[in-house]
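Visitor: Test case, fold it:
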Amino acid sequence: MSDRENGIIRIHVYELRVGMWVSRLETLEKDSSFFFEQFCIGNQADIRAIQAVCDYVFIDVERQKRSHGSIPTGKAAGKQQLNFARSFDQAAQTYQNISQIIKTVMDDIRFGNQLNVEAVKTAVSDCVDKVLENSDAMLLLTQLKNMDEYTSQHSLNVCILSILIGRELKLSLKELNDIGLCGLLHDIGKMKIPLEILNKPGKLEGEELVIMRRHAGFGRDILMSARNIYPGAVDVAYSHHENLTGSGYPRAVNNTALTIFTRIVSVVDAYDAITSDRVYKKGRQHLIALGILTKAMHVEFDGKVVIHFINCVGFYPQGNVVELSSGEVGIVVEQNTSDRLKPKILIMLDQNKKPVKERILDLALNVSDSNGALYRIRQIVRPEEYDIDLIKFHQEGKFTEAYESIF
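Guide: Below is the predicted model:
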């Protein structure tokens with residue numbers, strides 16, 4: 001009988017989750033401590049240890065079901081949710097630390113100092129660790145946007161989203177660090193753009209637009225002068241506004257000159273820019289942004305990268321505020337990888353749009369509302385439509401409070 005017939009499936013180590021039963025490792029180093037025929041993953045440290053010795057593992061799905069059930073409930077579900085809450089706090093701290101580092105790095109460049117390459121590499125390494133540990137939390141954090149900190153926050157978001165696509169593409173740990181570095185530094189050349197143009201509360205026109213487009217060349221020059229920088233980051237900084245048909249800038253090169261890292265950063269750079277509020281325009285909703293990206297596939301953007309990006313973030317990504325069929329409003333906090341249309345929602349408003357005690361609703365459990373109808377997502381809404389301040393909500397610890405109140 002085949003492995004699948006025996007209830008054994010082969011998965012990449014980046015797909016491992018706490019509670020899975022590992023049947024065997026595809027590649028096992030002689031000095032590895034994992035000599036057991038089967039073992040249950042107990043924590044994130046177990047996952048990191050497995051990732052250090054192999055790329056693929058075989059999971060005993062039937063044993064996992066016997067041990068935990070296909071969908072955790074009761075105390076098991078509570079433990080998973082509490083783990084997510086604690087991991088979210090750690091991810092949020094990492095996000096804040098990296099955000100401060102990139103602000104400092106950008107200020108250094110603006111004041112004529114050299115790029116602190118080691119600080120940037122350390123920040124990216126921390127970011128990769130947190131994305132691999134809790135991608136749900138990191139993706140949620142990219143949606144808590146502050147218009148006043150657009151440039152630094154945009155760079156960090158592009159870093160995170162690029163790493164997510166890299167994970168989807170099964171890149172190695174080194175490659176994930178490389179693509180993260182490319183994302184974090186792709187806009188570093190903007191630090192040489194006059195602030196009155198960079199922060200103009202309106203659309204750039206004429207000579208202003210010409211000056212702004214020089215940031216690609218400035219970024220190349222800044223990174224070329226830095227010691228021990230990953231060479232690919234230089235190329236991405238210079239080329240992330242090029243496109244497949246050769247109508248981009250600054251060189252108007254076509255797809256033959258664009259590396260996979262440039263193609264990845266181009267997609268996530270556009271997505272984050274489209275969905276972010278600026279002084280002169282409101283950000284567009286997630287599904288609208290996806291529509292813009294898909295319409296530009298094979299013209300501006302690499303179609304395969306766009307598809308991988310959609311696979312990463314889903315149709316209802318973390319951080320999006322949604323209205324449910326019941327009329328209640330909440331924020332998407334976790335994905336259900338088995339059904340991307342049924343994420344976990346943190347309920348914030350009742351059917352009359354009044355604040356309620358926050359609770360977690362897992363749509364994958366097919367729960368019914370007070371009228372006996374199954375919950376489903378009706379639409380994505382803008383937070384300000386219902387006077388929801390996601391940044392304040394996060395700062396007050398509401399995300400973790402909702403999880404901890406369950407357990």
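
Visitor: Can you pull the phi/psi pair for residue 22?
Guide: phi -90, psi 120 (degrees, to the nearest 10).

Visitor: show me what contacts it?
Guide: 16, 34, 38, 39, 40, 41, 50, 57, 58, 59, 60 (CB atoms under 8 Å, 6 or more residues apart in numbering). Quick note: C-beta positions are derived from backbone N, CA and C, even for glycine.

Visitor: helix or strand for the residue most central in space within the chain, which one?
Guide: The centroid of the chain falls nearest to residue 139 when counting by CA atoms, centre = their mean (3.5 Å). Using DSSP states H and E, residue 139 sits in helix 135-142.

Visitor: The next helix or strand after that helix packs against which elements?
Guide: Proceeding C-terminally, helix 135-142 gives way to helix 150-168 as the next helix or strand, assigned by DSSP H and E. Judged by 3 or more CB pairs under 8 Å, 6 or more residues apart in numbering; DSSP states H and E, helix 150-168 is in contact with helix 74-110, helix 117-133, helix 135-142, helix 173-185, helix 260-275, helix 303-313.

Visitor: follow-up on the earlier one: relative to residue 96, which of the contacts of residue 22 is nearest.
Guide: residue 16 (26.8 Å; CB to CB).

Visitor: So the closest one is in contact with residue 58, correct?
Guide: No - assessed by CB atoms under 8 Å, residue 16 is found out of contact with residue 58, at 11.5 Å.

Visitor: Any idea how far the longest strand along the chain is from the middle of the chain?
Guide: Ranked by number of residues, the top strand in the chain under DSSP state E is strand 355-362. Centre-to-centre, strand 355-362 and its host chain are 24 Å apart (CA atoms, centre = their mean, to the nearest Å).

Visitor: For it, list every residue counted as buried.
Guide: Within strand 355-362, the residues scored as buried using 16 or more other CB atoms under 10 Å are 358, 360, 361, 362.

Visitor: what sits against residue 283?
Guide: So residue 283 contacts 145, 274, 275, 276, 277 (CB under 8 Å, 6+ apart).

Visitor: As a markdown table, the residues you listed with neighbour count, distance to residue 131 and pLDDT would be great.
Guide: Formatted as a markdown table, these follow (neighbours: other CB atoms under 10 Å; distance: CB to CB, whole Å; pLDDT from 0 to 100):
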| residue | neighbour count | distance to residue 131 | pLDDT |
| --- | --- | --- | --- |
| 145 | 20 | 18 | 82 |
| 274 | 18 | 21 | 95 |
| 275 | 23 | 19 | 93 |
| 276 | 21 | 20 | 91 |
| 277 | 15 | 24 | 85 |
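
Visitor: Identify the farthest-apart pair in those.
Guide: Maximum pairwise distance among these (CB to CB): 12.1 Å, between 145 and 274.

Visitor: number of nearby residues for residue 195?
Guide: 9 (other CB atoms under 10 Å).

Visitor: Could you break the chain into its assigned domains?
Guide: The chain is divided into the following domains under automatic domain parsing: 4-68, 75-313, 321-404.

Visitor: Tell me which of those domains sits most buried.
Guide: Mean neighbour count (mean count of other CB atoms under 10 Å) peaks for domain 75-313 among the domains of the chain, with a mean of 19.

Visitor: what's the offset of it from the middle of its chain?
Guide: For domain 75-313, the distance to the chain centre is 10 Å (CA atoms, centre = their mean).

Visitor: From residue 299, how far off is the spatially closest residue to residue 266 that is not a sequence neighbour?
Guide: With sequence-adjacent residues excluded and distances taken as CB to CB, 6 or more residues apart in numbering, residue 266 is closest to residue 240, at 5.1 Å. According to CB to CB, to the nearest Å, residue 240 stands 16 Å off from residue 299.

Visitor: With residue 105 instead?
Guide: 34 Å.

Visitor: Quick one: residues in contact with the helix or strand hosting residue 197.
Guide: Using DSSP H and E, residue 197 sits within helix 195-198. Residues outside helix 195-198 that contact it (CB under 8 Å, 6+ apart) are 151, 190, 204, 208, 211, 212.

Visitor: who touches the last one in this structure?
Guide: Meaning residue 212. Here residue 212 is in contact with 193, 197, 198, 204 (CB under 8 Å, 6+ apart).

Visitor: run the last query once more with 7 Å
Guide: Residues in contact with residue 212 (CB atoms under 7 Å, 6 or more residues apart in numbering) are 193, 197, 204.

Visitor: least confident pick among these?
Guide: Scanning the contacts of residue 212 for pLDDT, the low point is residue 204. It has 90.

Visitor: show me what contacts that residue?
Guide: Shown in contact with residue 204 (CB under 7 Å, 6+ apart): 197, 212.

Visitor: From the contacts of residue 283, pick the one nearest residue 392.
Guide: Nearest member of the contacts of residue 283 to residue 392, counting by CB to CB, is residue 145, at 12.8 Å.

Visitor: Skipping adjacent residues, who's closest to the closest one in space?
Guide: Closest to residue 145 by CB to CB, 6+ apart is residue 276, at 5.5 Å.

Visitor: Repeat that for residue 336.
Guide: In space, residue 336 is closest to residue 364, 4.2 Å off (CB to CB, 6+ apart).

Visitor: low-confidence ranges in this structure?
Guide: Within the chain, the segments meeting pLDDT under 70 span 1-6, 27-38, 42-43, 45-46, 49, 52-54, 64-86, 338-339, 402-407.

Visitor: Surely the residue nearest to the centre of the chain and residue 318 touch.
Guide: Yes - under the criterion of CB atoms under 7 Å, residue 139 makes contact with residue 318 at 4.5 Å.

Visitor: what residues do the two have in common as contacts?
Guide: With CB under 7 Å, 6+ apart, residue 139 and residue 318 have no common neighbours.

Visitor: returning to that earlier point: from residue 155, how far off is the residue nearest to residue 145?
Guide: For residue 276, the distance to residue 155 - CB to CB - is 12 Å.

Visitor: contacts for the helix or strand following the longest strand of the chain?
Guide: As assigned by DSSP H and E, the chain's next helix or strand after strand 355-362 is strand 377-381. Here strand 377-381 makes contact (CB under 7 Å, 6+ apart) with 285, 286, 287, 316, 320, 321, 322, 323, 324, 325, 329.
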